[in-house]
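[1] Below are the sequence and a predicted model for it; my questions follow.
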Amino acid sequence: MSMKIYNAQLSPYSARVRLAIYAKGLDAEIIDGFSTPELEAELEHLNPMAKVPTLVLDDVVVPESEVICEYIEDLGLGPSLRPESAQDKARMRLLSRIGDLYVMEPMTKLFSQINPKGRDQALVDRELAELTKGMNWLAKYLDGSPFAVGDRLTLADCTLAPMLYFYAQIGPMFGAAEPFKNIPTVGKYYDGLRSNPHAKRVIDELDLALAKVMGAKR
Ligand SMILES: N[C@@H](CCC(=O)N[C@@H](CS)C(=O)NCC(=O)O)C(=O)O
C-alpha cells in the first residue's frame, strides 16, 4: 500500500488527518502541498479544489479531511477511530459537523482579521458572535471528559483537537483572555484530550508551525 498526503502543517484540516494517521500507526508520506509551484500544480491536477489535505492511496485520490478520515476507516486500516453503536457514530459525526460548519467557518473569517491594523470591526463582531454560538453548541455535547464520544479517541477528537488549538489562540487576539471561561466543559475536554499522545503530537506540531509563521512576520 502506498499512502501519500498533501498536507500543510498549519492547516487544521490537514492536522485532523495527521491525527487519524498517527493514532492508527499508518505509514504515510506527508508532503507540503504548497511548498513548490510543481507540487501545487500536481495537487491541482489531482484535486480540482487544489486544497490540502488530499490523500492519494494507491491509485485513489480523496480530497476533504472528513471524507479522507472516513475512507481510511472504511478500509479498516489500523485501530478503529469510530465508536461501535450507530448512536455514538451519529454523535461523532455531529460533533465533526458542528466543528466544520459552525466553528471553523467563523474562525477562518477571523484569521483574516488578526492584524489590528485595518481590521473590519463589524465583520469581527459578527464572526465572533457566530463563533461563540458554535462553541456554545459544542459545549452542550461535551461533558468535560477527555474524549468527545465514549472512552477512546474517535474521529470527532481528530476534528476537534486542531480546531480547539486555534480557538485557544484566537480568543486572546480578539480580547477574550480566557476563551474557555464560559464553556468549561469544552476547556476541560481540550485539557484532557491533550494528554493523549497522538493529540498532543498534532497540537505540538501546530504550535511549532504557528510559531514559525509568527516569527517570520516579526
Ligand atoms: N473542507 C476542507 C477544507 C480544506 C481547506 O480549506 N484547506 C486549506 C488549508 S487550511 C487550503 O488548502 N487552502 C488553499 C486554497 O483554498 O486554495 C477539508 O475539510 O479538507
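    Here it is on my side, so go on. Predicted model only: the values in this text are computed from it and were never measured. Numbering: from 1, shown residues only.
[2] Quick one: list the elements packing against the least confident helix or strand in the chain by mean pLDDT.
    Lowest by mean pLDDT, DSSP states H and E among the helices and strands of the chain is helix 197-217, with a mean of 93. Contacts defined by 3 or more C-beta pairs under 8 Å, 6 or more residues apart in numbering; DSSP states H and E place helix 197-217 against helix 12-24, helix 155-173. C-beta here means a position set from N, CA and C on the backbone, and glycine is covered the same way.
[3] Same list, these, but as CSV with mean pLDDT please.
    What follows is those, written out as CSV (pLDDT from 0 to 100):
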stretch, mean pLDDT
helix 12-24, 98
helix 155-173, 96
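[4] Select, out of the ones you listed, the one closest to the ligand.
    Closest to the ligand of the helices and strands packed on helix 197-217, according to C-beta to the nearest ligand atom: helix 12-24, at 3.7 Å.
[5] Is Asn136 in contact with Ile183, as I believe?
    Yes - counting by C-beta atoms under 8 Å, Ile183 is a contact partner of Asn136 at 6.5 Å.
[6] Show me which of the two is the more surrounded one.
    Neighbour totals were compared for Asn136 and Ile183, and Ile183 leads with 20 against 13 (other C-beta atoms under 10 Å).
[7] what residues go with each domain of the chain?
    The chain resolves into domains spanning 3-74, 86-217 when parsed by automatic domain parsing.
[8] The shortest one: end-to-end distance?
    When you say that, I think you mean domain 3-74. 15 Å (C-alpha to C-alpha, to the nearest Å).
[9] near the ligand at all, that domain?
    Yes - using C-beta under 6 Å from any ligand atom, domain 3-74 reaches the ligand at 8, 11, 13, 50-53, 64-66.
[10] Tabulate those (a markdown table), appending secondary structure and neighbour count.
    As requested, those are exported to a markdown table (DSSP: H, G, I helix; E, B strand; the rest coil; neighbours: other C-beta atoms under 10 Å):
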| residue | secondary structure | neighbour count |
| --- | --- | --- |
| Ala8 | coil | 17 |
| Ser11 | coil | 20 |
| Tyr13 | helix | 21 |
| Ala50 | coil | 17 |
| Lys51 | coil | 18 |
| Val52 | coil | 22 |
| Pro53 | coil | 26 |
| Glu64 | coil | 18 |
| Ser65 | helix | 28 |
| Glu66 | helix | 18 |
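[11] Show me which pair in those is furthest apart.
    By the measure C-beta to C-beta, Ala50 and Glu66 form the most distant pair in the residues of domain 3-74 next to the ligand, at 17.8 Å.
[12] Contact partners for the closest residue in space to Leu164 that isn't next to it in sequence?
    Closest residue in space to Leu164, ignoring its immediate chain neighbours: Tyr190 at 4.5 Å, by C-beta to C-beta, 6 or more residues apart in numbering. Shown in contact with Tyr190 (C-beta atoms under 8 Å, 6 or more residues apart in numbering): 160-161, 164, 168, 180.
[13] likewise Ala20?
    Taking C-beta under 8 Å, 6+ apart as the test, what Ala20 contacts is 68-69, 72, 81, 155, 158.
[14] that older thread, from the residues of domain 3-74 next to the ligand, which is closest to Phe174?
    Within the residues of domain 3-74 next to the ligand, distances to Phe174 taken as C-beta to C-beta reach their minimum at Ser11, with 21.0 Å.
[15] Does Ser145 touch Val186 like I think?
    No - in this structure, Ser145 is not within contact of Val186 by C-beta under 8 Å, at 11.7 Å.
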